[in-house]
Structure formats: structure tokens, C-alpha cells
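Chemist: only the shape, not the letters, is given here:
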């Protein structure tokens, strides 16, 4: 009977420790969740011009995330939030993403507070983005390199501030 109690206490302790570690890791992994405002003064766009205003809202529901992009394009047209609502699964596999520039997207973690996004058109990599959070979780930098649908080289560094 005594060994059963020891085993039960040990099991409960291990389960609680794992639960706390998982909760801590999950909370660290969800620092992106929330609203992010583009800091135009710290961002660069090639080719330009940059948008007038841009906000990204990340939401997490278990392993499935969404990113809602809103704002105003350089031309003054609003960014259509329905067309820019992306489902995100951090599994490194290609997921259909119909746009002019690419037709699949793969998201994969590439370090603490960092992930990589690979976009393909007809199976060929056309854009690679790195999304990285600052150590304090207040700044998110997305660096994108590749080629757009017009064949132009793309090198954007978008810096967002947490709201």
C-alpha cells in the first residue's frame, strides 16, 4: 500500500511538472497572439511603395492559428480582411494558399520565437519569410525575400509593434 501511495504522489508530481512546462512553453510560443501595428519608419519595402497602414492580428486555437491582415494599401485602397485571413498550421507542410504570387504556404518553427514561411508557385519556392520576435515580445520582424508574380525581386523587412 505504501508503494502505491509513493507511486501515486510521484505520478501526480511528474504530471504537474509536465503540465507546467507545457503551459510555459505554450505561453512562450503564443507571444505573437494579439494585435501588431506596422512601424513604417523602421520597415523597408523593395519593391515599394509601402502600405499607408497595416495591422496584423494573430489568433490561436490549439495548433491552428489565423492571421488577419488589415490596413490601407499605398494606393489608398483598404486591404480586404476576408482575402487576407490565413489559416496557419506549424507543421512544415505545404498548404493551399491561392494568391497571385504563390499557391502554397508552409510554416515551420526555426528557433525560439522564430518561424519560417515558405511560399511556392507551381511547386517552386518563390518567397521565404522569417518571422522573429524580440526577446521582450514587443517587436516582431518579418523579413521576406524572393520574387513576386511580376518577376521582381522582393526584399521586405516589416517591423511591427505589439499593441
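Modeler: Structure's in. What do you need? Computed from a predicted model, the values in this text were never measured in an experiment.

Chemist: ok, now which ones touch the nearest residue to residue 145 once chain neighbours are set aside?
Modeler: Excluding the flanking residues, the one nearest residue 145 by CB to CB, 6 or more residues apart in numbering is residue 155, at 5.3 Å. The way it works is simple: take the backbone N, C-alpha and C, and place the C-beta from them, glycine included. Neighbouring residues of residue 155 by CB atoms under 8 Å, 6 or more residues apart in numbering: 44, 46, 144-145.

Chemist: residue 126 now?
Modeler: Each residue near residue 126 by CB under 8 Å, 6+ apart is listed here: 101-102, 119-120, 146-148.

Chemist: distance of it relative to residue 47?
Modeler: Distance of residue 126 to residue 47, given as CB to CB, to the nearest Å: 15 Å.

Chemist: burial measure for residue 78, as a count.
Modeler: Taking other CB atoms under 10 Å as the criterion, the count of residues near residue 78 is 11.

Chemist: surely it touches residue 69?
Modeler: No. In this structure, residue 78 is not within contact of residue 69 by CB atoms under 8 Å, at 11.1 Å.

Chemist: pull out the buried positions in stretch 131-150.
Modeler: For stretch 131-150, the neighbour count (16 or more other CB atoms under 10 Å) marks 131-133, 139-142, 144, 146, 148 as buried.

Chemist: so what sits against both of residue 78 and residue 69?
Modeler: With the criterion set as CB under 8 Å, 6+ apart, the contacts of residue 78 and residue 69 do not overlap.
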